[in-house]
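Peer 1: What follows is a predicted structure for the sequence shown.
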Amino acid sequence: MKKLLLILALGCWLAACSTDELEKEIDNLKTELQYQKTMIENLQQNTTIVDVVEDGATYTIFFSNNTSISLRAPIVAIDKNGNWTIDGVDTGICSKGSQVTIGDNGNWFIDGVDTSVPSAPADPEIPAMVIGVVDGAKEVTFHFSDGSSVACTKGGGMTYAERPAKGYENFSVDVNYFLEDNDKTSSGLKQDGIKLYKDYGVIALPENYSTDPANPTRLIILCQGTGERTSATTNPLNNHGWKYFLAKGYAVMDMNGMATGWGSAMGFPVTDQHYANKYVLQCYKKGYNYVMEKYNLHKEVFVMGISMGGGASTLIVQHNLLPVIAQAAFCPALSVYKNNFMQPWGGANQQRTIAGQYNFANWKNATLDQQYFLDNYDRVVGYDNLMINTIGSAEMKAQANANYNNDAEREAYLSLSKIYPCPLKIWHAADDTVVAYRYSEFMVAMIKNAGGNATLRTMVNGGHIGGWNNAKDQISDTDINGKTVKTSIPFYEAMRFIQRYE
């Protein structure tokens, strides 16, 4: 767990609010602050703190009962040299054996020395406001403005499952595949319901996995391509990519992304492939929750996607579904529209399955062409990776959608900008005839247009599979025990890429 000292600073902002509105906001804030104290006191009784995660100015404290509390604050932390820092500035004071307190003047003191940095002001009008959180060696202490404090134990009471004897576990989660009615003009129809089906997942853990809460393992979520399936008996150790990432000390997880039971019940031509549909978000979120609760893993993860899994992993990132540090993608089928529907490697069966998954009109009998997709495009909005968080004129967006594999399409995409929430690197072979290279090119260009962190690594040849695993271009590396292990160049480079962000 990170050694953190959090200071909760209370800020107020006004935007043409009336006095009544402002008083209501203050009352709501008081209630929330009081709730936080009550929650912490209750958690103190039978839980431990397992992690503290920083996300910009917000710090989320995770408890062993799968609850959390989020605070906004500047930070006093212990840096890699073991010194206290305040907002990233080294105080020069060693944290070992030192005490952090709040002085009578309201400032933070380290070993009795006034840092001149104030804690959040105590306001008698606000009940039990959090003014600081001290993360000690064995406990985390919450300090309140009424002079009280609550100490919660760290780690010791938390138990995690051991590494399975075979190195991996097959599991399943319930996913609600209720197919909502997409006709907004309908009335009197029940639009929410439950149709639960099992989706399968698998997690593999490296040899150096530990159940010690102070030493969690980093997880890679590796979304599979069409050539793979995750089932109740999947052995991921047969997979070249999994072997390499496990050898480097990472845990790896994947979900099938679509329950075969639902595919059969709906009558899809393809019953076990998700094609990056919207239901993968449920599958991967529930799979993530399962492994996080059971195993000793960092909450923040890396995501990767191969081929069709590139679309699934990109949906995960763009929907902020999980706390993703960075993303790698290999010949990714980024767009359910431009890649999966317009260039279907599985032919018409794939196209009709996609139409069914998104509940397109008359999907069982419709003519499967571009205009049919565009006529139903409103049912895919929010799940088209190329257009999520994409900024630009409506004219250029319409031009990008209306065209396919021509200069007008290229001109439109390259004029747009995309806000992307984490660093992204794509490996794609220029001669890939299965998944079009140009959409990886457009994706990276749009992110760069917005000043984002994205890189396209062009593999000159190798076709589709060569974008992640070309047996002729193996490269040697060392595993966690110093032994030689071989992998493909894209996987080798992807490991170096994600390790930048550890």
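Peer 2: It's in.

Peer 1: just the helices in this protein please.
Peer 2: Remark: helices assigned in the chain by DSSP state H are 19-46, 240-247, 260-266, 280-294, 308-318, 347-357, 370-375, 394-402, 407-414, 437-449, 489-499.

Peer 1: Pick the most deeply packed of the ones you listed.
Peer 2: Among the helices of the chain, the stretch with the highest mean neighbour count (mean count of other CB atoms under 10 Å) is helix 308-318, at a mean of 27. Where C-beta positions appear, they are placed from N, C-alpha and C, glycine not excepted.

Peer 1: re earlier: out of the helices of the chain, the one nearest A329 is which?
Peer 2: Closest of the helices of the chain to A329 is helix 308-318, at 4.2 Å (criterion: CB to CB).

Peer 1: Quick one: distance of that closest one to the chain centre.
Peer 2: Centre-to-centre, helix 308-318 and its host chain are 10 Å apart (CA atoms, centre = their mean, to the nearest Å).

Peer 1: what do you get for stretch 408-423?
Peer 2: Put simply, stretch 408-423 sits 21 Å off its chain's centre (CA atoms, centre = their mean).

Peer 1: Please apply the same query to stretch 432-446.
Peer 2: So, by CA atoms, centre = their mean, the centroid of stretch 432-446 is 22 Å from its chain's centroid.

Peer 1: Pipe the helices of the chain into CSV and attach mean pLDDT and distance to N208 per row.
Peer 2: Shown next, in CSV, are the helices of the chain (pLDDT from 0 to 100; distance: least, CB to CB, whole Å):
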stretch, mean pLDDT, distance to N208
helix 19-46, 60, 31
helix 240-247, 93, 10
helix 260-266, 93, 35
helix 280-294, 96, 17
helix 308-318, 97, 25
helix 347-357, 96, 40
helix 370-375, 97, 47
helix 394-402, 96, 46
helix 407-414, 98, 43
helix 437-449, 97, 34
helix 489-499, 95, 16
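
Peer 1: closest one to V173 among these?
Peer 2: Closest to V173 of the helices of the chain is helix 280-294 (CB to CB; 4.0 Å).

Peer 1: Which neighbouring elements make contact with the closest one?
Peer 2: Judged by 3 or more CB pairs under 8 Å, 6 or more residues apart in numbering; DSSP states H and E, helix 280-294 is in contact with strand 168-176, strand 196-204, strand 217-223, strand 251-255, strand 297-306, helix 308-318.

Peer 1: Save those as CSV, and put in distance to E411 too.
Peer 2: What follows is those, written out as CSV (distance: least, CB to CB, whole Å):
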stretch, distance to E411
strand 168-176, 40
strand 196-204, 40
strand 217-223, 31
strand 251-255, 37
strand 297-306, 27
helix 308-318, 23
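
Peer 1: Would you mind saying which of the ones you listed lies nearest F497?
Peer 2: Across these, closest to F497 is strand 297-306 (CB to CB), at 9.2 Å.

Peer 1: what's in contact with that closest one?
Peer 2: 51, 53, 62, 216-225, 241, 250-251, 288, 291-292, 311-314, 316-317, 322-332, 468, 494, 498, 501 (CB atoms under 8 Å, 6 or more residues apart in numbering).
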